[in-house]
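Enquirer: Fold the following for me, if possible:
(2 chains)
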There are 2 protein chains.
Amino acid sequence: MEWTREKRYLPYSKWDADTLLHLQAQAANSPYQMHYHLHPISGLINDPNGFSYFNGAYHLFYQSYPFGAVHGLKSWVHFKSKDLVHWENLGLAIEPDTMADSHGAYSGSAREIDGKLFLMYTGNHRDENWIRTPYQIGAWMDKNGKVSDKTILFKNPDHITEHFRDPQILKKNDTYYAILGAQDNAEKHGHIDVWKSKDLKNWEELGYLDFTDQDMGYMIECPNLVEVDGHVVLIFCPQGLDKKVADYDDIYPNMYVIADGIDFENHKLINPGPLQNLDKGFDVYATQAFNALDGKAYEISWVGLPDITYPTDDENWANCLSQVKELTIKNGQLIQKPVKSMASLHKNEKDVADQVVSENAGQQYELELTIKAGQKGNLYLAANDDLSSGLKISFDTKNGQLILDRSIAGQKVAVDYGENRTAPLQPDSDVKLNIYIDHSLIEIFVNDGENVLTGRYFADQAHSKIAFDKKINFNGKLWNMKTIL
Amino acid sequence: MEWTREKRYLPYSKWDADTLLHLQAQAANSPYQMHYHLHPISGLINDPNGFSYFNGAYHLFYQSYPFGAVHGLKSWVHFKSKDLVHWENLGLAIEPDTMADSHGAYSGSAREIDGKLFLMYTGNHRDENWIRTPYQIGAWMDKNGKVSDKTILFKNPDHITEHFRDPQILKKNDTYYAILGAQDNAEKHGHIDVWKSKDLKNWEELGYLDFTDQDMGYMIECPNLVEVDGHVVLIFCPQGLDKKVADYDDIYPNMYVIADGIDFENHKLINPGPLQNLDKGFDVYATQAFNALDGKAYEISWVGLPDITYPTDDENWANCLSQVKELTIKNGQLIQKPVKSMASLHKNEKDVADQVVSENAGQQYELELTIKAGQKGNLYLAANDDLSSGLKISFDTKNGQLILDRSIAGQKVAVDYGENRTAPLQPDSDVKLNIYIDHSLIEIFVNDGENVLTGRYFADQAHSKIAFDKKINFNGKLWNMKTIL
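Expert: Alright, predicted model coming up:
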């Protein structure tokens, strides 16, 4: 089947329900499907949207194209949680059903305002000549999950191209602000554009956010501001970033900058630090963060990348979201930790200390290891019996290096961008790893979140051995993880 | 919208996907939706089907009409579980896509045979003159959940009307047997018809099952045989049963008979006992039971009744399944208990002893109470502050009686069949109640399953008080229950 433009943008009402039911069953029955991470009900998902707290629960949406593993006509699908771990699927929430979002209800954010959840997102509109207009739209979700009153708030000003999207709604004192990814019309470079409003109806552009002297490439997507430990952290996705500015491995990186604060009116970060990679692994993009009522900062990421294909494309579904992580700052770096409730998924705790950690660990587990200082070796996960196939984690706790290698872990992914990723360790120090495996997703937390390495892999699901390739001095625990949906 | 015959039997491919996505969201967002019981993803569900153990997990299907709260074109939706409590939704499994099941993939059973799951069910076929033929169909599900090789096994013999359905596949020694609900063509009365096969392909009718001398009404649906504590239990749903034969309250009852055994070849139960009601409450029907590998007998029921409307019909969805119960026999009666894993849903355990058990218990809890002997009183659940609205449980532990009354519990249901149900208690004895509440479903286990009273109710979800109407000598525990899907 060829995914023509016409087919990708066919209204949902032109698809038949039988096809959708089959796609849903196909996604649910896939051996690669995640079981304790948010994943597609059918088709392709991308950015997390509208991560927020409202009416006694956390809310989260994701970008969804229900009819195949392509970036077609996007909608928002809604999830709700009490603990950031167990999510309830509430289904389609924002559909592309107006002129302004006729070609996709694209990414955005959410914030509780006056007893309703205000949703601010980009409506992707194209006219008959395929000329695109990015409308920034406001909508309101009530306590029953009903979204109404879609209103166009503003569109791209003349000095910004059609690449103007992903608004994050913020509030300071009595004023609302929004930051958006933008491409300047004259220079065709990426920026973060700042807007303000007193009433959520009338919006005024303040200008590009000043947070770096360097060129951020041709576009910035998914800018997010979040307060962490008295600082302001800007999380964003520059596209076309020169690797001399900041090194990265994926097609596009997900970066962050820590600043002392933000001056909205002068649209600048105060004392911004250097650009840093959010994740040291593969496939992390479009991370969205927000501050909960108690001030805690939480983030969740799309595990998937624009312009990259994945093996499950053949099964008509693609991608997943990361687990939610809590953010703190240490030594000028973000610390990203699993939320406490992740432990509620544990079952069958086992102490592990042998070279063969587990002959058959299944595909849903957390493995916590402390590898003693001064050792070099390889740990294999999702491995076959002779360790000739599997995810390979190479560690050197003498010189201080960790490498995640997916080159022999089954079906190939995005090989043009390298098959391994490296994170530094403290030399001559023990290293603690918390490794989460969920069928085709790995998340490695190094030393309680000093670094995180995330990635998809597509191994034979019968390969479920965990073993070192030689005797290693370590101790640890292994838990099976419960299914959440 | 009028549900014409044409509309109800429209192929799934003629419905549009947008409508389905909206129906799914509507069912998920309903305040009445169950959260720890299997429920519709959209539309109407009825009989549990194919309850079985295969490939390391329990499997269960239910009858589904995805497009509204009517009995339209039915399919099977598939769920899987490791513990009979947490279920994974694997979506559409058997679709009405052949001549033989053109008007519905109706109810049936499943059994592991030679490394696959054999599914035996009734294909509902109607010709251009709307003349119905009930085909009994076999199909095979592989370990990836793929169903194939649908084959017509047999249809109704001449002496049985079009009402011939719900095959249960059984095995004794080297021979397969099937029992089916049937209406005799001459007398138009209900029977259970027994068939045999050596190879699952060639089937031979043995005759009507001899298990009672009494008239079972005009039809029997959903016959199920299960071994319990060295006995054979026949669970079935007679329609049009004379209340002089056995008293019951619902439009149709779900009955059972305990026998010493079954003689398949002579199609008779050995020493069958009296007809008994399976559930003393409302809305229980089409119960399906099976023996697990360890011999344990489990059952699950449709909570819903044929020819009855429910308030959520207005929200385009209807019905749910009960929790799974484990069966044993005591004093010639079935004992129906929650499975042990139900306790894994507990959170926030609280001891309760006050007249006001809880001011705000929410809508997902288990309440365990031991009410001391010699007392009369009323317990209100899902109640408002002054107890003028709520589910009322009247108990008399002196004379021995329990009444579940839903007459003041919000929206009305099936009032023509009475608004309360009664179960006997031991006079002058303490009574232990385990009461499960799930938004619009109540399940009361009396004295560890001696009696069960199940029912739907449709109260204002803000009404979440639990209280006695006077001081009562009791003790108990209250747990919130986790959401499973």
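
Enquirer: ok now do the spatially closest residue to A:Asn144 that is not a sequence neighbour, which residues does it touch?
Expert: Distances taken as C-beta to C-beta, 6 or more residues apart in numbering or on different chains place B:Asn29 nearest to A:Asn144, at 6.1 Å, with adjacent residues excluded. All C-beta atoms are positioned from the backbone trio N, CA, C, and that covers glycine. Taking C-beta atoms under 8 Å, 6 or more residues apart in numbering or on different chains as the definition of contact, the neighbours of B:Asn29 are A:Leu90, A:Gly91, A:Asn144, A:Gly145, A:Lys146.

Enquirer: Over to A:Tyr417?
Expert: Shown in contact with A:Tyr417 (C-beta under 8 Å, 6+ apart): A:Asp249, A:Asp250, A:Ile251, A:Phe282, A:Ile308.

Enquirer: follow-up on the earlier one: which phi and psi values does the residue nearest to A:Asn144 adopt?
Expert: Taking degrees, to the nearest 10, you get phi -90, psi -10 for the backbone angles of B:Asn29.

Enquirer: roughly how far apart are it and B:Asp250?
Expert: Distance of B:Asn29 to B:Asp250, given as C-beta to C-beta, to the nearest Å: 29 Å.

Enquirer: Would you map the strands across the stretch 101-250 of chain A?
Expert: Counting by DSSP state E, counting those that start in this stretch, one finds strands in the stretch 101-250 of chain A at the ranges A:105-113, A:116-126, A:132-141, A:147-155, A:160-172, A:175-184, A:190-197, A:203-208, A:219-228, A:231-239.

Enquirer: tell me the SS of the spatially most central residue of chain A?
Expert: Ranked by distance to the mean C-alpha position of chain A (C-alpha atoms, centre = their mean), the top residue is A:Ser301 at 1.4 Å. Using DSSP: H, G, I helix; E, B strand; the rest coil, the three-state assignment for A:Ser301 comes out as strand.

Enquirer: Report pLDDT for the closest residue to chain B within the stretch 101-250 of chain A.
Expert: Closest approach between the stretch 101-250 of chain A and chain B, counting by C-beta to the nearest C-beta: A:Gly145, at 4.1 Å. According to the per-residue confidence, A:Gly145 scores 94 in pLDDT.

Enquirer: Contacts only, for the closest residue to A:Ser322 other than its chain neighbours.
Expert: In space, not counting the residues next to it along the chain, A:Ser322 is nearest to A:Ser301; the distance is 4.2 Å by C-beta to C-beta, 6+ apart. By C-beta under 8 Å, 6+ apart, the contact set of A:Ser301 is A:Pro48, A:Asn254, A:Leu278, A:Asp279, A:Val284, A:Tyr285, A:Ala286, A:Thr287, A:Gln288, A:Leu321, A:Ser322, A:Thr454.

Enquirer: go again using 10 Å as the cut-off
Expert: A:Ser301 makes contacts with A:47-48, A:222, A:235, A:254, A:278-279, A:283-289, A:320-325, A:336, A:443, A:452, A:454, as judged by C-beta atoms under 10 Å, 6 or more residues apart in numbering or on different chains.

Enquirer: Next: A:Lys471.
Expert: Residues A:Asp354, A:Gln355, A:Gln375, A:Gly377 are the ones in contact with A:Lys471 under the rule C-beta under 10 Å, 6+ apart.

Enquirer: got it, and A:Ile393?
Expert: Taking C-beta under 10 Å, 6+ apart as the definition of contact, the neighbours of A:Ile393 are A:369, A:371, A:377-381, A:402-405, A:420, A:433, A:435, A:442, A:444, A:453, A:468.

Enquirer: Can you tell me which of these are buried?
Expert: Buried residues within the contacts of A:Ile393, defined by neighbour count using 16 or more other C-beta atoms under 10 Å in any protein chain shown: A:369, A:371, A:377-381, A:402, A:404-405, A:420, A:433, A:435, A:442, A:444, A:453, A:468.

Enquirer: Show me where the stretch 351-485 of chain A has its helices.
Expert: Under the criterion DSSP state H, counting those that start in this stretch, the stretch 351-485 of chain A carries no helices.

Enquirer: Just the strands from it, written as ranges.
Expert: With DSSP E, counting those that start in this stretch applied, the stretch 351-485 of chain A shows strands at A:356-358, A:364-371, A:376-383, A:391-396, A:401-405, A:420-424, A:431-438, A:441-446, A:451-456, A:465-468, A:474-481, listed in chain order.
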